[in-house]
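[1] predicted model follows, preceded by the sequence.
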Amino acid sequence: MQKWNISVPPKVEQEYRQRGQEVPRIPFVPDFILRELMAWYITLAILGVLAALFPWELGEKADPFAPAPAGIRPEWYFLAPFYTLKLIPSRVWFVEGEVLGVVCFGLLALAWACLPFWASRRDGTIRTRLVTGAGVLLVSYLAVFSALGYWR
């Protein structure tokens, strides 16, 4: 405890007792907490000012109109949607292919969110065939299209 200055050293406490004085103490709440908070706020303000005045450059600025580098792939969790979007033609009837893909993924996400409500009946039992079929279909899609996106 002495190493971290949490308690008063016995020698100092003994000197105060010999003089008949009480060891000066600071109440933790609210005095110590408020003093510490002020120190942290001042430090944070200084850090914010320094960050605003002297921003650290992260490297070359990106060119948004430059083509993507060759052989670039998304992270593993985006491989299946990425490969699916690659397979969709540029136009399907009168709809852009990208728009169709994004709308389909949004509808699938909505169906995934609503699945617990669709999968249960009023009596509390679960329609296990629907849930199991949807789960097997989803896992199969993710596995196959992630593998295809990784190796192609």
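    Okay, I see it. Keep in mind that what you see is a predicted model, and the values were worked out from it rather than measured. Residues are numbered from 1 along each chain as shown.

[2] going by C-alpha atoms from here, please, whenever you check contacts or count neighbours.
    Noted.

[3] what segments of the protein are helices?
    10-19, 33-53, 79-87, 97-118, 128-151 (DSSP state H).

[4] any idea of the angle the last one forms with helix 79-87?
    Between helix 128-151 and helix 79-87, the angle formed by their directions is 70 degrees, by axes from the mean of the first three to the mean of the last three CA atoms, to 10 degrees.

[5] excluding its backbone neighbours, what's nearest the residue nearest the centre of the chain?
    The residue lying closest to the centre of the chain (CA atoms, centre = their mean) is Tyr77, at 14.6 Å. Spatial nearest neighbour of Tyr77, excluding adjacent residues (CA to CA, 6 or more residues apart in numbering): Ser146 at 8.0 Å.

[6] out of the helices of the chain, which one sits most buried?
    Neighbour counts (mean count of other CA atoms under 10 Å) averaged over each of the helices of the chain peak at helix 79-87, with a mean of 17.

[7] could you tell me how far it lies from the centre of the chain?
    24 Å (CA atoms, centre = their mean, to the nearest Å).

[8] avg pLDDT for that helix?
    For helix 79-87, the mean pLDDT works out to 90.

[9] now swap in stretch 27-39 and tell me
    pLDDT averaged over stretch 27-39 gives 91.

[10] neighbouring contacts of it?
    Ile26 (CA atoms under 8 Å, 6 or more residues apart in numbering).

[11] how far does it stretch from start to finish?
    17 Å (CA to CA, to the nearest Å).

[12] follow-up on the earlier one: distance of the residue nearest to Tyr77 from Leu79?
    5 Å.

[13] what's the answer for Ser7, then?
    Using CA to CA, one obtains 58 Å as the distance from Ser7 to Leu79.

[14] then Gln18?
    From Gln18 over to Leu79 the distance is 76 Å, taken as CA to CA.

[15] tally of neighbours for Ser90?
    14 (other CA atoms under 10 Å).

[16] how close does the closest residue to it other than its chain neighbours get to Cys104?
    Nearest residue to Ser90 in three dimensions, chain neighbours excluded: Gly97, at 4.5 Å (CA to CA, 6+ apart). Using CA to CA, Gly97 is found at 10 Å from Cys104.
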